[in-house]
Structure formats: C-alpha cells, structure tokens
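J.: Fold the stuff below for me.
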Amino acid sequence: MRHSPRSARVLASVLALTGVTAVALALAPGAAAAPSSKPAVAPASTSTAAGADTRAMWVWDTSTPAATVDLAVASGVDQLFVAVPPNVATSPQLPDLRTLSQLARAAGIRVDALGGDPGWVDNPSWVVTYWLKPARNTGLFTGIHVDVEPYTTSAWTTSQSTVVAKYLTLLDKLKANAGTSPVEADIPFWFNEVHALSSSGGASTLDREIMRRTAGVTVMAYRNTATGTDGTLDIAAAALAAGAALGKPVRIGQETTYLGDTAVDAKQTFFGWSRTAMETQLAQVASGASSYASYAGIAIHSAAGYAAMAP
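T.: Okay, the predicted model is just below:
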C-alpha cells in the first residue's frame, strides 16, 4: 500500500461539497520493512495532561533536525508531531528522525510519531503492521499522533456512515496495539456535525467517539482571527465543550502555510503575517479557550510554515 501526499487544494474541493473548508496534511511514502535496534534515547513522559500555555508543532520535513529543534526551543514548543513513514526501520529518513528525537528530548521536548492517510481506514491491519509497530519499535517516540482525514475519500460522499465506522475501527486497533504510547488524533472543527454510533449502539457524534478512543485531540480550527463569528474560538467551541464533557484534552490547531489566493484560503492561515502579529491573535485564542477545562494549548501547522514567517 502506498500513501500519496494530499494537497490543500484537493481537500478544499472535497469539503466544498459539504460547505466546509479545512486543510490537509501530507505523509511521504515509506520503504520495505526490516528489523532495527532501538537507539539509546531516554524515555519521555507519556502523560497526556497539558497546560493551557503549552505549544505543539507538526513537523513534516525531518531533513533538518537541528534547525527544527532550535526553532521549537526558540518558539516555546514543548511537543512535536514528527512525520514517520511506513516501514521506518529501512527508511532513509531514519537517521534524521533519530537525531531529531535525541535533540528534542535533550531539550525537554516530547516527540510523537505522526502519520495518516485517508486509505488507512480500509486497511487498519496494514497500518498496525507497517506503520504503528515499526514506529514504536524505534524507541524514538513517546506518543502516536494520527491525521487520517477520512472525509477526503470518495466514499465519504456516497457512504459516510461506512467510512465513519471504518475510521473508528482503525482508532480502536491503533489503541489496542499502541501499548503504553498514548494515541492522539487531528480532527476538523465540524466533526460534531457528523453522526456516529457509540460503542453501545446509541446515537453520538464523530468528534465525541474519536475522543472516547484517544488520549486527546487537536482540532484544526484554522482561522487567522481569534474572536467573532467564524473566528478560531467560535469554530473550536464544540470540540472544546465535548472534550470538557469527556475529560479529554483538546489542542487548537493554527495554520501558517500557503493555502491559496481566495478569501476562503486566506482566512484559514497566518501565511503572509509576521510572527508578532500572529501571536497577538494566538494570545486571544488562549485567553478565550482557557475557560474550558479541556483546553490544552496551541498546535502550529507547521514547522516549515512557521520558520518562513517574518518576525
């Protein structure tokens, strides 16, 4: 099974059918599986508790580990979601992943294995065998962080309930095979509007069922305005409320990469802003979201986008 990168353009087109916009992330394909020895890396805490002043960052490009960790330290980031290819034991990315993990942990930064592809919902056993277990066997990562985005599959518009059920099955299998590694997931802000069945067969919503199966979520509430109608706090409210009700931490994701030239594209990202201007909005997000017991800080997408911003 190969995993093709997903573009923000493709995702925007798919979600336009439901009147929703979001942003997609990408995962590079992997190589064949092979055994590997664990490097000597001190274990990091597996606690999923997070304070409202914490900050996480997605890292898709792992080719500059020292620069990535320096950026994280300078930006107050204490958790990295680091992209891991399938069959990582034989991947040419492994040396950089090892260096990144070692440098980050030495700086007191937690490192989680990041992966995901819409096709994962159709073959969870493959995911466990060729992605989850190899990633855990490296000993480089504290937690598991998945960005599957099942709504980008063609079946989402024709058989949504089936895709939802498959996605939840995938999360069940990841959790069952993750051992002591906490599993977290990215969700779009509108998953509260998607129907799902609870484990008892009752009516529920997809955001809540994901939270019940994970240690926490990051809601992709991508807006460059903190307050007001359709601002970050407005669209993140449902996920924050669900997390508070279920006792699960919820991070608020914010975008910094280029998404396109339309007004809809522009409002979803801080691309073209300075970091100082963005921080003004993020301070308002943190202030407003702190009223929820579930609020667990900000997550920045991504390291590359943030690094390119002017001070």
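J.: pLDDT weak spots in this structure?
T.: Residues of the chain meeting the criterion pLDDT under 70: 1-52.
J.: residue boundaries of the strands in it?
T.: Taking DSSP state E as the test, the strands found in the chain are 55-59, 79-83, 110-115, 143-146, 183-188, 195-197, 203-205, 216-220, 250-255, 295-301.
J.: What is the fifth one packed up against?
T.: Other elements packing on strand 183-188 under the criterion 3 or more C-beta pairs under 8 Å, 6 or more residues apart in numbering; DSSP states H and E are strand 143-146, helix 160-177, helix 206-213, strand 216-220. C-beta coordinates here come from the backbone N, C-alpha and C atoms, glycine included.
J.: so which of these is the most packed in?
T.: For the helices and strands packed on strand 183-188, average neighbour numbers computed from mean count of other C-beta atoms under 10 Å are highest in strand 143-146, which has a mean of 27.
J.: CA atoms only: put it into CSV for me.
T.: Below are the C-alpha coordinates for strand 143-146, written out as CSV (Å, rounded to 0.1, in the frame of the first residue of the first chain):
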residue,chain,number,x,y,z
GLY,A,143,3.1,9.0,21.7
ILE,A,144,1.2,8.3,18.5
HIS,A,145,-0.4,11.2,16.6
VAL,A,146,-2.6,10.4,13.6
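J.: ok, the residue most central in space within the chain to A238 distance?
T.: Geometric centre of the chain, nearest residue: D186, 4.0 Å, by C-alpha atoms, centre = their mean. Distance of D186 to A238, computed by C-beta to C-beta, to the nearest Å: 15 Å.
J.: same thing with Q281?
T.: To A238, Q281 is 20 Å away according to C-beta to C-beta.
J.: do the same with K173
T.: From K173 to A238 the distance is 27 Å (C-beta to C-beta).
J.: What of D207?
T.: Counting by C-beta to C-beta, the gap from D207 to A238 is 7 Å.
J.: what touches both of those two?
T.: N192 (C-beta atoms under 8 Å, 6 or more residues apart in numbering).
J.: give me every residue that touches A221.
T.: The contact partners of A221, taken as C-beta under 8 Å, 6+ apart, are F189, T232, L233, I235, A236, A239, I252, G253, Q254.
J.: What about it? Give its phi and psi, please.
T.: Main-chain torsions, A221, degrees, to the nearest 10: phi -100, psi 70.
J.: bridging residues for the residue lying closest to A289 once chain neighbours are set aside?
T.: Leaving aside its sequence neighbours, A289 sits nearest to Y295 (C-beta to C-beta, 6 or more residues apart in numbering; 4.2 Å). Beta-bridge partners for Y295, by DSSP bridges, are V250.
J.: residues near Y295, how many?
T.: Neighbourhood size, Y295 [other C-beta atoms under 10 Å]: 24.
J.: same deal with A241?
T.: A241 has 15 neighbouring residues, counting by other C-beta under 10 Å.
J.: Correct me if wrong: it contacts S291.
T.: No - if you go by C-beta atoms under 8 Å, A241 and S291 don't touch, sitting 10.5 Å apart.
J.: Against D61, how distant is the closest residue to T62 other than its chain neighbours?
T.: Leaving aside its chain neighbours, T62 sits nearest to D96 (4.8 Å; criterion: C-beta to C-beta, 6+ apart). Separation of D96 from D61 (C-beta to C-beta): 9 Å.
J.: same deal with A238?
T.: Going from A238 to D61 by C-beta to C-beta gives 32 Å.
J.: Comparing those two, which residue is more hemmed in?
T.: A238 (19 against 16).
J.: show me the contacts for that one.
T.: Here A238 is in contact with F189, N192, D207 (C-beta under 8 Å, 6+ apart).
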